[in-house]
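Novice: Quick one: sequence plus predicted model below, questions after.
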Amino acid sequence: MIVPAPAPLQRITEPLLQDKKVTLYLKREDLLHPHISGNKWRKLKYNLQEAQNQQKSTLLTFGGAYSNHIAAVAAAGREFQFKTIGFIRGEPHETLNPTLAWAQSCGMQLHYLDRTTYRQKQEVVFLENLKNQYPNAYVLPEGGTNLFAIKGCTEIVEELMIVPFDYICCAAGTGGTLAGLIVGVQDHGQILGFPALKGGEFLKKDIANLIKEYNGQEYANWQLQTNYHFGGYAKVKPELLAFIQGFKKKHHIPLEPIYTGKMLYGIYDLVRQNFFEPGSTVIAIHTGGLQGLPGFNPHFGLETQTAI
Ligand SMILES: *Cc1c(COP(=O)(O)O)cnc(C)c1O
C-alpha cells in the first residue's frame, strides 16, 4: 500500500497567542492525500489492508449526504481497486450535491435509506442481512470507527513527537480519532476533544469503551470541551463562519464549519480564558474534511466573496 508522506506541522502565529505565551501548531493532516484526507485516511489504512487480507472485492459503508467518510471510501475504492457501495441517510435529491457527485464519479453505488432504517445500521440483524446480501463486501461503520481505525490514528502521534507538546486538540464526531490519539500519546501530554455534536457525555463513554476494547486500558489525561458545538452537528453561527473566514485570510489555511472550524474557535476561546498555562505548546490536528466546502457554501448562503 502507498503510504503518504508525513503531514507537516505548521506554526500559527498571532498577537493573541504571543500575549498569552501559547505556542500553537497545526498538524496538517488535510494535506495527507488529495481525496482521502485527514483522519479518514488514518482510519481507513488498516481497514483497507484487512479488506485485502479477507479478499473482499467491495467496501460497503454508511454516511450522510455531505459525509467526508463517504467521499474518502469512494476515493479509496477507486485508488485501491475495490468496488464501493454507500448507504446514504435520507431521501435522494434530484441533483447530487458535490460530495455524492464525487462519490459516484469514483464508481460508488449509492443507495438511500430513510432515517428509520438508517438508525438500524449497527444492529446485528440488519448487518447480518446486509452481509448475506453482499457476501463480498467489507462493511465499514458510519464514520469508519472501529479498532483498525484506532490503530491508524495512533500513528498521527508518532509524527508529532518531533516537538515537545503539552496538549493535543482534535475535533470529535464518533470519537474514533480521539481514541487513537489517546492511545498513541500514552500519558505524554493532555488531549482535548472538541465534540461537533451535542451530548458530549455519551461520547466520553463511547471513547472510554473503544479504548478498553482496543487495549484494555483506561487513561486519565484527556477531556472533552463540550461548549463548542454551536447548536449541534452541522449547525453554525455567524461568529463561527466569520472566524473561519478570518483564519483563512490571516493564515491561508482553509477550515470547515463542521469539525475543524469549531475546534479552532474553541482553542482560541480557551486561550483567551487562560486555560493553557503560559509557556504551553498546543498541537491542533487539522483533520481535513475540506471536500465538503463546495456543498456548504451554497447551503449556508455564502457568496463567492464570503465563501469559506
Ligand atoms: C470525520 C471527521 C472528524 C471526526 O472523526 P471521529 O473519528 O469520528 O471523531 C473530525 N474532523 C473531520 C474533518 C472529519 O471529517
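Specialist: Right, received. Where do you want to start?

Novice: Check whether S57 really touches I85, as I assumed.
Specialist: No: shown here, S57 and I85 do not form a contact pair, counting by CB atoms under 8 Å, at 10.9 Å. Heads up, the C-betas are built off the backbone N, CA and C, glycines and all.

Novice: the more surrounded of these two?
Specialist: Per other CB atoms under 10 Å, whichever of S57 and I85 has more neighbours is I85, with 21 against 13.

Novice: Check the gap between the more buried one and P15 for me.
Specialist: Shown here: I85 relative to P15, a distance of 50 Å by CB to CB, to the nearest Å.

Novice: ok, now which ones touch the residue of the stretch 201-308 of the chain found nearest the ligand?
Specialist: Across the stretch 201-308 of the chain, no residue is closer to the ligand than G289, which sits at 2.7 Å (CB to the nearest ligand atom). For G289, the contact set (CB atoms under 8 Å, 6 or more residues apart in numbering) comprises D30, S37, G38, N68, E256, I258, Y259, T260.

Novice: Make TSV out of the residues you listed and add pLDDT, neighbour count and secondary structure.
Specialist: Formatted as TSV, the contacts of G289 follow (pLDDT from 0 to 100; neighbours: other CB atoms under 10 Å; DSSP: H, G, I helix; E, B strand; the rest coil):
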residue	pLDDT	neighbour count	secondary structure
D30	96	23	helix
S37	85	23	coil
G38	93	29	coil
N68	96	27	helix
E256	95	23	coil
I258	95	21	coil
Y259	97	28	coil
T260	98	29	helix
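
Novice: Tabulate those residues (JSON lines), appending distance to the ligand.
Specialist: Shown next, in JSON lines, are the contacts of G289 (distance: CB to the nearest ligand atom, whole Å):
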{"residue": "D30", "distance to the ligand": "8"}
{"residue": "S37", "distance to the ligand": "8"}
{"residue": "G38", "distance to the ligand": "5"}
{"residue": "N68", "distance to the ligand": "3"}
{"residue": "E256", "distance to the ligand": "6"}
{"residue": "I258", "distance to the ligand": "7"}
{"residue": "Y259", "distance to the ligand": "3"}
{"residue": "T260", "distance to the ligand": "6"}
